[in-house]
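*Asks:* model this:
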Amino acid sequence: MIDRSPDTMTSRGPASRTDLDIATGVLVGVRGGSVAQAVEDLLATARDNRVSLFELSRTVITIAEGRDGGEPETRRVALARWGTALATEEELIGS
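*Replies:* So this is what the prediction gives:
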């Protein structure tokens, strides 16, 4: 089992397939829909904005956990696409 506490999340290394799976679950949980729809949404958003799919996935997780972090551009993309479902009001105002 992977420890997802805040102090180990950033030291875990590069974003991975596990992050994609977790981010997919986060999107299904907050928005509804199917796993296939959530994966397609992540893929299309990464492709359309020319950001790494895995970094985008990790950023979705980070935002859902209410933490700062990630590449600023990837965070901007994630907040623009899913902000109302994932972020706190303060994050939306600051984006």
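*Asks:* so, low pLDDT: which residues of this structure?
*Replies:* Applying pLDDT under 70 to the chain flags residues 1-15, 87-95.
*Asks:* can you pull out the helices in it?
*Replies:* Using DSSP state H, the helices assigned to the chain run over residues 6-9, 17-31, 35-49, 53-64, 72-86, 89-94.
*Asks:* single out the most deeply packed of those helices.
*Replies:* Of all these, helix 53-64 has the most neighbours on average by mean count of other C-beta atoms under 10 Å, namely a mean of 24. Placement of C-beta: from N, CA and C, glycine included.
*Asks:* report the inter-axis angle for that helix versus helix 72-86.
*Replies:* Note on geometry: by axes from the mean of the first three to the mean of the last three C-alpha atoms, to 10 degrees, helix 53-64 and helix 72-86 are set 50 degrees apart in direction.
*Asks:* quick one: contacts of helix 53-64?
*Replies:* Applying C-beta atoms under 8 Å, 6 or more residues apart in numbering, the contact partners of helix 53-64 are 9, 14-17, 19-20, 22-24, 26-27, 30, 42-43, 45-46, 68-71, 74-75, 77-79, 82-83, 86-87, 91.
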